[in-house]
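missing the sequence, but the structure's below:
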C-alpha cells in the first residue's frame, strides 16, 4: 500500500483521488510556492475535476507511474487543483492555455515559475511521445534541462506571456459597440448558421447541450414570432432525448456527445446540465404545450432527486463517466446480458426500437472498433402504446443495472450549481404544481443558509463531509440569487426576496469593478490575475446571471440603483458581445428582459388564498419577461418595506385583485382569474 501524499488532508473528491499517487502533490497553497522559491524549482500544475475521463486516463498512465513521479519529485513542485473548487484559478490558466495553444480542456497541464507565471501550457499529455505529440516524460526532462541551463530565458518568456495575457483580459471594451435589439437578431443568425438541421444542436462533433442557447431562442421566438427559432429548440431537445446522450434507463443527460448524432456520449453526468436542461424543457412545454417536454423535464428531475440529492438538503455535483476503470461500463449492455433478463417479445422490442445489435453499436473512440456493447438510443419517438411497453422493460433493466458497481459520485455540494438546480425545481413547481419539487428546493436553500453562509453574510463555495470551505465566487452569489428569486415567485415567502436582495448587495460589494464596470469572478488575491468572465460556455457566466438577477430585482423592488448597475453591466461588455453575440446567449436573454417590454403581475389578497391554483393559468404560459409579486392584505408591511411602491395597490371589495402592468402603465385591475388572463393576453399579444 502506497503512503498518502498531502492531498489526503483535503476534502475535494478530485484531490482525494490523487492522494495515493507517488507524486508529492501539494494543494494550491503558499507553502508550495515558498518551497518552489526556496529550492529554485519550477511548478508543475495539474487542474481537473473528479468526473473527467481524460483526467483519469492521465492519472493511470502517468501520475500513478513511479518513473514520472521520480522526475516530478526531484525537479518540480507539483500542485493539484480541483477546477470546481477553484474556478478562478482554472479560468486564469485556461485563458493562458487557450492563448498559447489555441485550445483548452481538462486535464489542464501548466508548467510555471515559482511566482505563478507559466511558460508551458497543454491539456492531456501521454506518458511517452507518440504521433508527433510530446510525451510527459520527454517534456519534463526537456524543461529540467532548459531550467538549469537557460533559466533567465524561461523567466523572461513567462513574464512576457503573463504580461500580454493579463493586459488582454483586463482590458475593458467600453464604448466599442452598442448592443440593442439588432444584436439579438445577429445572435439568432449566428446560431441558425451553426445549427444542425438533421440532428439538432449546433456545430458538428463533439456536440454539447448548451441549454442557454435554447433558452435564448425561445425568447427570440417570443419577441419576434420567428418560428424557425422554436423549431431549432424542439429539434435539439428531441434529438438529445432520442440519443445516447440521454440515459433512457435511469434518466438524466450525460455531459456531451462525441458525435453529431447525439449517440456516443462522454458518460459523466453533471448537476448543472440537469438543472439547465430541465429548465429549458419546462419553458419549451410552456411555449408549445406539448406533454413530451413536461415528461422529459420530470424525468430529469427524477434522476436528480433519486441520485444527486443529499438527504440533509442540497445537491451533489456529478456522477463519474467511469466505473471499474472503464468509461461507460455502467451504462452499456451486451445482447447476451439482455437475453437473460428479458423475454423474447421484450428483447424484440428493444432491438427494433433501441437499435440494439449483436456486435454492439458502441464504438471505442481510441480503438475505433465495435466493442460488442450497446448504448440505448431511439431513431424516432415512442408513441403512447410503445411507451407503456417500454416502461415495463425499463423497470426490469433499471433493477438489474442498479446491482452493478456504480460510477463514483462526486458528493461535494457547490453553492452555484445548487442555485441553478433550485431555480429549475422552483420553476418546475410553478409550472407543474408538484409539491415534491418545491419541498426539495426549499430544503436545499435552507441547507445552504444553515451550512454555507458566514456570520458576516458571505457565501462559502463548497460543502463536503461536514466542512464548508472556500470563499464564494461571483457565480455563487449570482446563481443562488437567481434561485432565491425563483423561490419567491413560486411561494411568495418574503424571506427569499430579502435574502436575494442582501446577497445582491454583497455581490456588488465584493466583486463589482467601480472603475470600469462588470463583476470580477473572485475576490481572492492568490490568483495570477483577476478576471471578469462573460462567455456563456458549458455554464452561463456569473456576469450574465447577475444581469438577470439585477433586472428582476430592480423591477420587483423598484430600486433604481440596481437598475443602473444592470445598464452599466451591459455597457461594460457591449464591445465584447457585439463581436460574436451567439457566444453570450444567457447574457442576451437577460438583456432581452432589460430591453422589454416586461410585465409586472401584482396580486393583492389574503395570505390564505390558494395562490398556486390562481397562478396556474399564468404559469402555464411562456412569459419569460415577467415578474410576480404578491401583497397579502393581512400582513402587508413586510412586502411594502421591500417594495414600497406596492403600498398603492389595494384589494377591491375584499376580493383577490390582479394588476397587470407593462411599459410603466397598469391596466384596469381585475378581480377574477378570467379577467386577469384576458388582460395578460392583451398585453403580451
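Done, it's in. The structure presented is a predicted model; accordingly, all values stated were derived computationally and were not measured.

all contacts plus neighbour counts: C-alpha atoms, from now on.
Fine.

Can you list the low-confidence ranges for the stretch 251-400 of the chain?
For the stretch 251-400 of the chain, the stretches flagged by pLDDT under 70 are 364-370.

what about the strands in it?
Using DSSP state E, counting those that start in this stretch, the strands of the stretch 251-400 of the chain run over residues 256-257, 265-266, 269-270, 318-319, 322-323, 326-327, 363-364, 369-370.

Dump those to TSV, plus mean neighbour count.
What follows is the strands of the stretch 251-400 of the chain, written out as TSV (neighbours: other CA atoms under 10 Å):
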stretch	mean neighbour count
strand 256-257	25
strand 265-266	22
strand 269-270	23
strand 318-319	24
strand 322-323	19
strand 326-327	17
strand 363-364	15
strand 369-370	12
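
So residue 473 sits against residue 522, correct?
Yes: counting by CA atoms under 8 Å, residue 473 touches residue 522, with 5.0 Å between them.

Pick out whichever of those two has more residues nearby.
residue 473 (26 against 22; other CA atoms under 10 Å).

got the contact list for the more buried one?
For residue 473, the contact set (CA atoms under 8 Å, 6 or more residues apart in numbering) comprises 88, 461, 521, 522, 523.

coming back round to it: list residues touching both of residue 473 and residue 522?
Common neighbours of residue 473 and residue 522, using CA under 8 Å, 6+ apart, are residue 88.

Neighbours of residue 679, how many?
Counted with other CA under 10 Å, residues neighbouring residue 679 total 19.

Repeat that for residue 157.
16.

show me what contacts it?
Taking CA under 8 Å, 6+ apart, we find residue 157 in contact with residue 119.

so what pLDDT did it get?
Per-residue pLDDT puts residue 157 at 89.

Quick one: classify it as helix, strand or coil.
helix (DSSP: H, G, I helix; E, B strand; the rest coil).

now the strands for the stretch 51-200 of the chain?
According to DSSP E, counting those that start in this stretch, the strands that the stretch 51-200 of the chain contains are 77-82, 108-112, 118-122.

Using JSON lines, lay out the ones you listed together with distance to residue 8 and mean neighbour count.
JSON lines is the format used below for the strands of the stretch 51-200 of the chain (distance: least, CA to CA, whole Å; neighbours: other CA atoms under 10 Å):
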{"stretch": "strand 77-82", "distance to residue 8": "12", "mean neighbour count": "22"}
{"stretch": "strand 108-112", "distance to residue 8": "21", "mean neighbour count": "23"}
{"stretch": "strand 118-122", "distance to residue 8": "26", "mean neighbour count": "22"}
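
closest one to residue 544 among these?
strand 77-82 (23.6 Å; CA to CA).

And that closest one, what does it pack against?
Here strand 77-82 touches helix 13-17, strand 25-27, helix 30-39, strand 43-48, going by 3 or more CA pairs under 8 Å, 6 or more residues apart in numbering; DSSP states H and E.

can you redo the ones you listed as CSV with mean pLDDT, distance to residue 547 and mean neighbour count?
Output for the helices and strands packed on strand 77-82, formatted as CSV (pLDDT from 0 to 100; distance: least, CA to CA, whole Å; neighbours: other CA atoms under 10 Å):
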stretch, mean pLDDT, distance to residue 547, mean neighbour count
helix 13-17, 95, 32, 20
strand 25-27, 97, 34, 23
helix 30-39, 96, 35, 15
strand 43-48, 97, 29, 24
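
Output those as a markdown table; include the columns distance to residue 674.
Shown next, in a markdown table, are the helices and strands packed on strand 77-82 (distance: least, CA to CA, whole Å):
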| stretch | distance to residue 674 |
| --- | --- |
| helix 13-17 | 53 |
| strand 25-27 | 61 |
| helix 30-39 | 64 |
| strand 43-48 | 54 |
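
Report the buried residues of stretch 183-192.
Across stretch 183-192, burial judged by 16 or more other CA atoms under 10 Å covers 183, 184, 186, 187, 188, 191, 192.

right, and the first one touches residue 578 too?
To tie it back to what came earlier, the one meant is residue 183. Yes: Residue 183 is in contact with residue 578 according to CA under 8 Å; the separation is 6.8 Å.

Give me the number of neighbouring residues for the closest residue in space to residue 465 that isn't next to it in sequence.
Among residues not flanking residue 465 along the chain, residue 11 sits closest, at 7.5 Å (CA to CA, 6 or more residues apart in numbering). Residues lying near residue 11 (other CA under 10 Å) number 18.
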